[in-house]
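>>> Pasted the sequence and its predicted model underneath.
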Amino acid sequence: MDIPDVQPTPVSLKNQPSPSYEGRGLAVPVTDHSTDHPIDHTRGTLPLEDFMSQNPTAPQTDLPMGDVPFSEVPASDDPRRGREVLAPNGPFEAPAKEFVPGPYYMEIEERFPELAPREGTQVPSTGSPASQGAGFSVGRRDFMKLFSATAVGATAACVQRPVEQGLPYVNQPVDQYPGEAVWYASTCGDCTAGCGVMVRTREGRPTKVEGLPGHTVNDGKLCAVGQASLHGLWHPERRAGPEMRFGDSIKKVTWPEVYEHLGEKIKNSGGKVAIFTGGSTGHRHGFFREWLTLVGSQPSRLYTFEPNTLIESTVAAYKIAFGIDGMPYQDLSKAELIVGIGSDFLDVGTSLVSDTKGYTKSHSYQAGKKGRHVQLESVLTLTGSKADERFVIPPGSETVATLLLVRALFASSKAKGSAQGRIQIQQVLDSKAALLEAAYGKLGLKKEFFDKLADDLLSQPAVVLSGGSANFDENATSLQLAAIMANELVGAYDNVLHLQKGLRPAPVNPGDLSRFLSEVQGIEVLLVIDSNPLFSVPASWGLGEALKGIKYVASIQEFPNEVDDVATYRLPNHHWLESWGDEAPRLGTWSLRQPTVRPTHDSRQAEDALLWIAATLKRPMGYQDYRSYIMKKWAPIQQTLAVSGAGSSTETFDTFFKTSLKTGLVGQELTTAIPALAGGVSAAFKLVETPGVGFRLISPLDVRLRDGRHAHKPVLQEASETLTTIAWDSYVALNPKTVAQLGLKKFDLVKIQGPVGVIEASVYPLPGLHPEAVLVPRGNGHAKGRGTIEGGAGVNPLMVVNKAQDSVTGSPAICGQLVKITPLGTVYPLAQLQKHNDIANRKDIVKKVSLAAAKEKPVRKVDLDDVPDIYPALPKLDYRWGMSIDLDKCTGCQACYVACTLENNVAMVGREQILLGREMNWIRIDRYFWGNPDNPEVTLQPMLCQHCNHAPCEAVCPMYATTHDPEGINAMTYNRCIGTKYCANACPYKIRRFNWWTHKWNVLGNRLQDRSPRALNPDVTVRTRGVMEKCTFCYQRIRDAKHKAKLAGRLVKDQEFLPACAQTCPTEAITFGNLNDPASQITQDRKDGRAYLALGGDPDHGHFGIKTLPNVSYKAKVSLNEVEGESSEHSTHHG
Amino acid sequence: MANVSSQVHWEKTISEVNDEILVNLEKPHKSFYVALGMAASLLLAGVVFVGLHTVYGLGLWNFAPPLYWAVDITNFVFWVGIGHAGTLISAILFLFRAQWRNTVNRSAEAMTIFAVICAAIFPLIHMGRMYLGAYWALPLPNTNNLWVNFRSPLLWDVFAITTYFTTSLLFWYMGLVPDLASIRDRSKGIKRLVYGVMSFGWRGTAKQWWHYEAGYGFLAALATPLVLSVHSVVSWDFAMSIQPGWHTTIFPPYFVAGAILSGCAMVFNLLIPVRYMFRLEKFILPQHLDACLKLTLFTSTIVFYAYGVEFFLAWYSGNEYEWAIFEKRAIGPYAFYFWVMVFCNCIFPLAFWSRRVRASIPVSFVICVLINVGMWFERYNIIISSLVEDFIPGSWGHFEPGLFEIVITLGSFGLFFVFYLIFCKLFPIISLSEIKLIMPKPLSPHHADKKDKDGGHHG
């Protein structure tokens, strides 16, 4: 048996190459199971002591470990077991009749017979305690007997048994300690960015997904969507098992039936088989192509469509411009000036976490420096709200605006770029000269503006980024090309952007959707894998009819979606937390995905299902499962790395792969030089025009729900869109003046009449929009009955748009189509988390300083804690926990909210309760607009329990339910709380949350909720009705760190652990630590010249506000412009 | 007003007192049953709704963050306030020997008892899980040696209200004892036995009267500070927190004045129907009602002044959060409630300067109803407008009462009136022994003189 027997491996502290996990802020102990020794596969067993010291833990659900024989639990149709039934000739490398343990094992003696209970004590079904206390005295013969019996059982038991779940361990597995988390490294599968993740499992079930420290993309941070994948895994409406359509009825079937039926159809189709799937940078597409070839089709019958912003048009543009088949990524940390044209890279770019991290490095105030960000956009995006200078341009004019910038750059003597490139650019500019000349007026921006901007771009490391909603209009590819030309002239490819080519394929093949529609006649069997084109492509494209015309459609998804309606086969796919896979997030690096839990449903990973279909066709691919495929593909990676010096040349592949499982990421980031602009660029600009006048529909991807694929996750629905704070719904955002002109009011229901359809949604006046922009976000609008979370919530703007195409790639062009707004005369309130937009001229809540002032006063002379006080000083203990939040960094990505909610079992309440204001979020992001409603300044302030040292809430509680911890934490004893709610009234920050209801598991109002009890963090109490709750600084993590430190006989180190919000914050705006440690980061942050206490008055001038003395401090926003009222103060107090 | 009775024109004689006042025990007016039926239906509705919210959760109410208190605590403060006038009339006016109190004190004291019961249930209701709050809030020893937080104003409330309730109950009951003995003497069978037990064997001996007077005076002295303390403590529920609009030192006197204002108005509102139902017009004379209205007018002006001072301090303190609240109260989204409060509590009572208004029972009755409405809105205003828009604009919200707020509020009125009407049916509404004290003695020549005079005037 030569199948490498590799288990999904927990993250190891010791073997992490760089940087070390130590001091990276892991709150929960990372299980230290070193796996330096390879497992001897020829024996299939290991000596016990080896196991104890280095066990590669298989993730387990909380299955009854002792009571079900291994052979019975996995169904016989599992690709790894009982294969002789379906494939007697054995498509795999292993001999057919031999027992092959899969990556999951049920009972420890499968692998380590010396651990098996005594003969005669093996209790078949109920797990009698008789086996407990039995020594390890099973002899070789006894083992052989048991082993053969098990093997016979495995071959005989071909009955599909219901998988039992949720029971506690009967026999304690050796490697699992109840109450101690086991962490697994993997790769996020929720978008194509390829962030590394660490999955915290407790007693075999994932309870939290966090960023993988040291990963090249995200380095320990993770966005809201990635963390919310936990809700996808444990969603109660996940497809339970395979189903097939017989006429009008849908019947549950077994996997062998599926393989047989589908195999037969594929066989009979004569090779007219196709796969439609989403984007991927790993080996997935290659596998599909191989499979298609194998079943008699062609590799070109793989259609990839990723309705995620930036991807398609960017890939197409890079192909046109440089002939490179690859995806760019930008390292914004080096860009001192960023010009964003429509781009929302902080919102839904190619790689949100990576871009946000880079942006923060260069654009938040650090050591007297702060980068500049100029944004030209038609609607207010999170990115635009962070810009130092923001200009509103008409929707659809992004390409023209970029060309005007290119023109100005081209004219400058400082411009860079190759001679060949300049010729190309000259051609484009010449062909559009008249258009551009006329465009200044249309944009409302003068030529001098562009000249000045061009001059600034050329005098510092800078980059031009384009995209956003403009990536979905007819000029999307030309916009990207224009940005490439601008960057070429700026010289951005030298220092900011790194292109990859060759090794990392583009996640998608541009224009595949149009190709699919033109070739659909020749398809008889279509497999739609992890893709929902019926929702994310406008209905006018007729994709539904096209799919109906296909004889057999198999919808292989983890969650029911719109494709199911036209599918003959509805097959459940594994969630990515249950799957194998890989991504190539950067040139030269590979990130591995491994299962972290035993599959909880009767699902199969799509790739494994395809392997099985191939097997029934008697055309084996030569792989036991997708894991072996990955391993085969990783062998050359190991060699490449060894040759390049990034890997060891002496280690075996097993060691390499196992180490990779633990580290999650291999390889070294490489950069490549950029070739000169290729010819024929100007052809792409043929159709570029300045847009005419009229209301234009702008439908950007929602930062949380994306194209609608995450709409079923309540934590994301509840997270709310940061700028509107609207949750659980769609809205029509218009410029406030436009709303007034139309005679409308907030929450008036309007009809949006597009070229082909009509949607109805409520008006929300959002400052900062172009008067002609009609902003309707995507993501919601799934049909009623589709799912209990997303079904019936909101509207899908794609219902109204015409079948317009990107003029170059033929991808759907959604944004920029003309629409009509008709009031319906009724009101439909939107569930907003924040109802008041304005700071009401209050001075000590949100603060702003000018760059000059920040530089002048880097350290605060007045100690924030040095407040005149009649009370005795607090006792000085080892710890006083504090938090600092840098308002200059926060981008409002909601990652902290999701992290907090999942870590602390915070309830989600749904639209109806949010309308009343009864949201339960422990951390909220307050958003304030300042200034001109046409182009406001936006400030975001994460607000959480301030852990006041003079807490107004503590004195008033009659029950001592909320008390002051000697370490500065405002503690809450839930079972002392009787619900007088006085604490919440007394709280000036209004961040205490009351349980108005018992938020039941699986029920959300009248809807199902996917807060499965299994997704709960077992470290945190679940609160019942009538109890007050609030931020605890993740007290469970503090206790854990202190416990570990105590065992080691030391104090908790700085940054040894972080609360969930700080741990995940991609901008590192939130810092946390021990205020009694003078060397800690948090002490520095509290001393910082920008630090202030919310409602703390102005201590520099002797005003101490309401003197609550919070342990949470904020750092003022830094403005590149002059700050009102500051200059006079300068002269009097600082001069 | 020291000695109203000396100028009062009494048509009744002492010998008629027992017969005519105790007629209520036998045959009330038909309107009594109508009123009892209405009150009982309100109470039933309230009980059903409280039951629902105890089973399903506080979420059924309409209030939500940033308001964690709303109509529930409004009702609590309102009923505590109503409860004040009773003790004021029985204790303070007793000590001041204001004789007009003798005709109204019994019903005022009963009102106090029932109002305090109504008040006490609201803190329990508003917890949502009243089965916990009822005993957890008491400083009971337990195995974990955990005590309640003696710094919390809510705990002070528990003490203040239980003390007040106990004292008021004792005071009320003690006054009842001689009268219960009178009833006992008049009744037969089981009734006689029950009243006999309740009157503790009262024989009306000189020694018993001597003890009674001493004890009554002592209890009056004990109850007097409570009149000031209870509502001061209730006001600290607000004043001890740092909410703008609450955190102010004027609250204790301001609350006490308001409480007496609403209490006096409520006494008047109760006396008028009772007087009619049980045909007590000849005992509760216009002069007594007039005195009650004058007290109302007096407290109303104190309240008026307090409102002014509150605004002045908010402005004078220079605290922007404080001033913002007051600005919003007067001209913001909740201005309606504010102006209802000002007009009902300060402007309309000014009509009582006119003797004609005071003499007109319907007009006075309407004004007293308005005062109670105004006082309810005062509490509503203080609670709602301070909470909805306090420090951080990001958390601001809005509140309008919903079905549960309205029904449970009406239910508390139902509870109050059911108790009160049952009291009217079973106990003497006017203190028999005390009214005899202020009525002219049968053989007094003074009495004969009075009969000829018009006894309208008093001071």
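Good, I have the coordinates.
>>> And the strands in the stretch 301-450 of chain A?
A:302-304, A:329-330, A:337-341, A:372-377, A:389-392 (DSSP state E, counting those that start in this stretch).
>>> Highest mean neighbour count out of these?
Compared across the strands of the stretch 301-450 of chain A, strand A:337-341 shows the largest average neighbour count, a mean of 27 (mean count of other CB atoms under 10 Å in any protein chain shown). C-beta here means a position set from N, CA and C on the backbone, and glycine is covered the same way.
>>> strand partners of that one, parallel vs antiparallel please.
Counting by DSSP bridges, the strands paired with strand A:337-341 are strand A:372-377 (parallel), strand A:462-466 (parallel).
>>> Next up, the contacts around the residue nearest to the spatial centre of chain B.
Centroid check for chain B by CA atoms, centre = their mean gives residue B:82 as the closest residue, at 2.2 Å. By CB atoms under 8 Å, 6 or more residues apart in numbering or on different chains, the contact set of residue B:82 is B:111-112, B:115, B:118-119, B:259, B:262-263, B:266, B:372.
>>> Pull up the gap between it and chain A, please.
The spacing between residue B:82 and chain A, counted by CB to the nearest CB, to the nearest Å, is 22 Å.
>>> any idea which element that residue lies in?
Applying DSSP states H and E as the criterion places residue B:82 in helix B:71-87.
>>> what about that helix, distance to the chain center?
Relative to its chain's centre, helix B:71-87 lies at 7 Å (CA atoms, centre = their mean, to the nearest Å).
>>> That one: what's the following helix or strand?
Sequence order places helix B:93-95 as the next helix or strand after helix B:71-87, per DSSP H and E.
>>> Quick one: mean pLDDT over that following helix.
Per-residue pLDDT over helix B:93-95 has a mean of 81.
>>> got a list of contacts for that helix?
Applying CB under 8 Å, 6+ apart, the set of residues contacting helix B:93-95 is B:100-101, B:105, B:216-217, B:220-221, B:224.
>>> can we see that at 6 Å?
B:101, B:220 (CB atoms under 6 Å, 6 or more residues apart in numbering or on different chains).
>>> Please state the offset of that helix from the chain centre?
Distance of helix B:93-95 from its chain centroid, counting by CA atoms, centre = their mean, is 17 Å.
>>> Show me what counts as buried in that helix.
Across helix B:93-95, burial judged by 16 or more other CB atoms under 10 Å in any protein chain shown covers B:93-94.
>>> now the strands of the stretch 301-450 of chain A as JSON lines including distance to residue A:840 and mean pLDDT?
Conversion of the strands of the stretch 301-450 of chain A to JSON lines gives the following (distance: least, CB to CB, whole Å; pLDDT from 0 to 100):
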{"stretch": "strand A:302-304", "distance to residue A:840": "50", "mean pLDDT": "94"}
{"stretch": "strand A:329-330", "distance to residue A:840": "39", "mean pLDDT": "78"}
{"stretch": "strand A:337-341", "distance to residue A:840": "30", "mean pLDDT": "93"}
{"stretch": "strand A:372-377", "distance to residue A:840": "27", "mean pLDDT": "94"}
{"stretch": "strand A:389-392", "distance to residue A:840": "23", "mean pLDDT": "94"}
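>>> so can I have JSON lines of those strands showing distance to residue A:853?
Putting the strands of the stretch 301-450 of chain A into JSON lines (distance: least, CB to CB, whole Å) gives the following:
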{"stretch": "strand A:302-304", "distance to residue A:853": "51"}
{"stretch": "strand A:329-330", "distance to residue A:853": "31"}
{"stretch": "strand A:337-341", "distance to residue A:853": "22"}
{"stretch": "strand A:372-377", "distance to residue A:853": "17"}
{"stretch": "strand A:389-392", "distance to residue A:853": "19"}
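>>> Any idea which of the ones you listed gets closest to residue A:231?
strand A:302-304 (26.0 Å; CB to CB).
>>> Just say helix, strand or coil for the closest residue to residue A:385 other than its chain neighbours.
Once flanking residues are discounted, residue A:385 sits nearest to residue A:938: 3.6 Å by CB to CB, 6 or more residues apart in numbering or on different chains. Residue A:938 carries the three-state label strand when classified by DSSP: H, G, I helix; E, B strand; the rest coil.
>>> any idea how far residue A:938 lies from chain B?
13 Å.
>>> Repeat that for residue A:1050.
Going from residue A:1050 to chain B by CB to the nearest CB gives 33 Å.
>>> and what of residue A:359?
Separation of residue A:359 from chain B (CB to the nearest CB): 24 Å.
>>> give the contact list for the closest residue to that residue other than its chain neighbours.
Excluding the flanking residues, the one nearest residue A:359 by CB to CB, 6+ apart is residue A:332, at 4.7 Å. Contact partners of residue A:332, counting by CB under 6 Å, 6+ apart, are A:355, A:358-359, A:362.
>>> Could you dump these into JSON lines and include pLDDT?
Shown next, in JSON lines, are the contacts of residue A:332 (pLDDT from 0 to 100):
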{"residue": "A:355", "pLDDT": "89"}
{"residue": "A:358", "pLDDT": "90"}
{"residue": "A:359", "pLDDT": "92"}
{"residue": "A:362", "pLDDT": "90"}
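>>> Kindly indicate the member of the residues you listed with the most neighbours.
Of all the contacts of residue A:332, the highest neighbour tally under other CB atoms under 10 Å in any protein chain shown goes to residue A:359, namely 28 neighbours.
>>> quick revisit: go ahead and list the helix or strand containing the residue nearest to the residue nearest to the centre of chain B when sequence neighbours are not counted.
The spatial neighbour of residue B:82 that comes closest, neighbours along the chain excluded (CB to CB, 6+ apart), is residue B:115 at 4.0 Å. Taking DSSP H and E as the criterion, residue B:115 maps to helix B:101-127.
>>> Get me the contact residues on chain A for chain B.
Within chain A, the positions adjacent to chain B are A:834-836, A:839-840, A:845, A:916-918, A:926, A:952, A:955-958, A:960, A:978-982, A:984-986, A:988-990, A:996-997, A:1025-1026, A:1095, A:1106 by CB under 6 Å from any CB of the partner chain.
>>> which residues touch the closest residue to chain B within the stretch 401-550 of chain A?
Across the stretch 401-550 of chain A, the shortest distance to chain B (CB to the nearest CB) belongs to residue A:468, at 26.5 Å. Contacts for residue A:468 (CB under 6 Å, 6+ apart) come out as A:342-344.
>>> go with 10 Å
By CB atoms under 10 Å, 6 or more residues apart in numbering or on different chains, residue A:468 lies in contact with A:309-310, A:340-345, A:347-349, A:375, A:377-379, A:381, A:383-384, A:398, A:479, A:698, A:700-701, A:815.
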